[in-house]
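Asks: Got a sequence here, can you model it:
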Amino acid sequence: MFFQTPAFDIYLLTLINQQLKNPFFDSIMPVISNPAILYALLLPLLIWTWRKYGKKQIILVLVLLAGVGMADLGTNLVKKSIKRVRPLNALPSVYFQENGQWVQRPSDFVRTKEHGTSYPSAHAANTMCIALLAMAFWPRLKKWPLLLPLLVGYSRIYLGKHYPLDVIAGWLFGLVTAGTAWLLWSYVVEPLIDARRNKS
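Replies: Residues are numbered from 1 along each chain as shown. So this is what the prediction gives:
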């Protein structure tokens, strides 16, 4: 990896992963971090949008999903080039889940992995992309969608999967991807839809 882990990164990781650890978060953070939960929520949204609002709204949902796909693909490409090792495989005393059980690395733990997939966080990028596009497409939601990337980002640190810097980088990646998807929608997809509608 081309940069050393900053002191503030380790400090915040230790604070969230160890000092603020509690039974309630132990049970809820793995659920928040599970992408299957997110996609299980998106599927009913897709069906409901189709039935209630018709084609144009369903296309907005598809653009949102395409944005998430772009964010996920992009972060994975960066991960492969930077190869930052996840905290749970790099540092002593980190708590993490193994086979559904919470375990802690021993205080004398020595890192053995040379390569990892910690930077940036795809979870953070994907959920930030979803939140920003949802706010852009459906303004009535106001800023509530931002809770999603905040909670998911926190959960990734809590679970020892990412450093805070990984999550921040993921959020920035999601912002850029959402902006790109929004521009494609506004200047390419939506004009095509409007042009077809005017012809018919």
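Asks: Which positions within the host helix or strand of residue 25 qualify as buried?
Replies: Using DSSP states H and E, residue 25 falls within helix 23-33. Buried residues in helix 23-33, counted by 16 or more other Cβ atoms under 10 Å: 25, 29, 30, 32, 33. C-betas here are computed from N, CA, C, even on glycine.
Asks: That one - what's its average pLDDT?
Replies: Per-region confidence: helix 23-33 scores 96 on mean pLDDT.
Asks: Can you check which helix is longest in this protein?
Replies: helix 55-82 (DSSP state H).
Asks: gap between stretch 140-152 and the chain center?
Replies: Here stretch 140-152 is found 12 Å from its chain centre; the criterion is Cα atoms, centre = their mean, to the nearest Å.
Asks: List of residues touching it?
Replies: 32-33, 38, 123-124, 127-128, 130-132, 134-135, 171, 174 (Cβ atoms under 8 Å, 6 or more residues apart in numbering).
Asks: if I pick residue 133, what's in contact with it?
Replies: By Cβ under 8 Å, 6+ apart, the contact set of residue 133 is 63, 64, 67, 178, 181, 182.
Asks: how about 10 Å then?
Replies: Applying Cβ atoms under 10 Å, 6 or more residues apart in numbering, we find residue 133 in contact with 60-61, 63-68, 145, 174, 177-179, 181-182, 185.
Asks: Below-threshold pLDDT in this protein: ranges please.
Replies: Applying pLDDT under 70 to the chain flags the ranges 1-2, 45-46, 49-56, 200.
Asks: Which other helices and strands does the longest helix of the chain contact?
Replies: If contacts are counted by 3 or more Cβ pairs under 10 Å, 6 or more residues apart in numbering; DSSP states H and E, helix 55-82 sits against helix 35-53, helix 122-137, helix 164-184, helix 190-199.
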